[in-house]
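In: Build me a model:
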Amino acid sequence: MPSVTHDDAPLLADLMPWSVAPPRLGRGWPTGPDPASLKARWDALMKAEGPDREALFEATRSRTLHSAVGQLPGRSGGTVKLVRAAGPCLEPVRVLRAPFDEQWLIPDHRLIDAARPELWRVADERQIFVTETPDAAVPHLLATSLLPLLRPGRVRPLYRRPGGVEPNLAPGLLDHLADRLGLTPTPVDLLAWTVTAVSPGLTVPLTEDPELWALGVELGHRTLWLMRRDGDRPKLPGGRRPYVRAPLPSLPRSRLRPNGGTPALTVRYDRDEETLHLDEGRISPVPPEAWDFEVAGVRVLEQWFAARTAEAEPGTLSAIRPTAWPQAWTSEVLELITVLALLAELRPRQEEFTVTAPITAQELREAGVLPVPDTARRPASVLDHHEEGPEGQFALI
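Out: From the prediction side, this is the model:
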């Protein structure tokens, strides 16, 4: 973490005042690393009737087959109660299911206990979601262009409206920074500085030193690019790029359980050879820094493989899985290894980063930037079209 020369750094919660609790699914089967499996799970649910459909759905206090809910903002699809529902599955959408683990979700409000519609309303190609990782040593924040399903930390969108309009920043903050720095920072610049300078207590030391600001912003932009993975694909230098040296397991049908559950595969890392073994499959080189990369005490790569290979309870919708290792997963894990290795390379620079010439919370209070108005902590009114409510009625918002 960065060294700080003062104790009066403003809180992230004041600099990015609007935050939302992360979505709560209530059941695991509407998400997964393979979109075709999600469609197959939906089809299985629609074919089931009566008590069988109830059991497959996995009802909670918040959602049952009889729950009446509207569409998710910006999404089409039925609002008929699931007890009577029929028809095809909605097209799955990409989400961040776990740290650095991009998976898929059926975007159907009837399947999600707490979907947080206010997040869906501002989710688009310009949005950047910042998620807190309160139990993590580093990183303290994760950034993604996808809807994040990470718990338990708060989600802070960079923009309060679609299209990159109205940054979720303390009113007047960018103007104050511009006056003190002699330059014009953008909302993304401030976010880049934030991911560089944020402390374990989620304070964000600011500076009036333009050279130091430029260094922090440059480092933060690199971090954001690696976390978001929505531009040019990251690459390690030649000779350090991971490759599949022995084919990854094909999961032939003979190894699958009759009920569709897949047996767990063995994942093992050889530190001396920098090789990742998945049963007889082999990927190398895998830098130790990539294998050891953790968020909240959990190895990212181990969690990624567990999400794709761990046994599912027989007879559940989650047990509907790919019968062969998809080629897309191989490409994804090679890129994930690359991202984690490159992020690990940035850590020494982040740990050595020292914030001097501080802009304190007291200064922001004297300038009228803090405290932020209550309206800044609430979502903006972004509804510009009718949203279909339960049973086909339009929602009045």
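In: going forward, measure contacts between C-alpha atoms and count neighbours the same way
Out: Fine.
In: and R299, how many neighbours?
Out: 15 (other Cα atoms under 10 Å).
In: Oh, that last question was meant for P247, not what I typed.
Out: Using other Cα under 10 Å, P247 has 13 neighbouring residues.
In: I figured it hits R282, correct?
Out: Yes. Between P247 and R282 there is a contact at 6.8 Å, judged by Cα atoms under 8 Å.
In: for V244, helix, strand, or coil?
Out: With DSSP: H, G, I helix; E, B strand; the rest coil as the basis, V244 sits in strand.
In: residue contacts, it?
Out: Taking Cα atoms under 8 Å, 6 or more residues apart in numbering, we find V244 in contact with G281, R282, I283, S284.
In: Sort out for me which of these are in strands.
Out: G281, R282, I283, S284 (DSSP state E).
In: Name the member of these with the most neighbours.
Out: I283 (22 neighbours).
In: residue ranges for the strands of the stretch 51-200 of the chain, please.
Out: When assigned using DSSP state E, counting those that start in this stretch, the strands of the stretch 51-200 of the chain occupy the ranges 93-98, 101-105, 129-132, 141-144, 147-148, 155-157, 159-161, 165-167.
In: could you pull out the helices for the stretch 101-250 of the chain?
Out: Assigned by DSSP state H, counting those that start in this stretch, the helices in the stretch 101-250 of the chain fall at 117-122, 173-181, 187-197, 210-228.
In: and the longest one, which residues are buried?
Out: Meaning helix 210-228. By neighbour count on 16 or more other Cα atoms under 10 Å, the buried set for helix 210-228 is 210, 212-213, 216-217, 219-221, 223-228.
In: so which of those comes closest to T360?
Out: Nearest to T360 out of those is W213 (Cα to Cα; 14.7 Å).
In: With adjacent residues omitted, what lies nearest to that closest one?
Out: T207 (6.6 Å; Cα to Cα, 6 or more residues apart in numbering).
In: OK, contacts around L317?
Out: For L317, the contact set (Cα under 8 Å, 6+ apart) comprises W29, R41, A44, L45, L56.
In: Save those as TSV, and put in secondary structure too.
Out: Output for the contacts of L317, formatted as TSV (three-state DSSP):
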residue	secondary structure
W29	coil
R41	helix
A44	helix
L45	helix
L56	helix
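In: what would those look like in a markdown table with neighbour count?
Out: As requested, the contacts of L317 are arranged in a markdown table below (neighbours: other Cα atoms under 10 Å):
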| residue | neighbour count |
| --- | --- |
| W29 | 22 |
| R41 | 23 |
| A44 | 15 |
| L45 | 20 |
| L56 | 20 |
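In: what's the most distant pair in those residues?
Out: Put simply, by Cα to Cα the two of the contacts of L317 set farthest apart are W29 and A44, 11.6 Å from each other.
In: mind listing what D8 touches?
Out: T360, A361, Q362.
In: Can you select the buried ones from those in PyMOL?
Out: Of the contacts of D8, the buried ones go into a single PyMOL selection, burial set by 16+ other Cα under 10 Å:
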select buried, resi 360+361
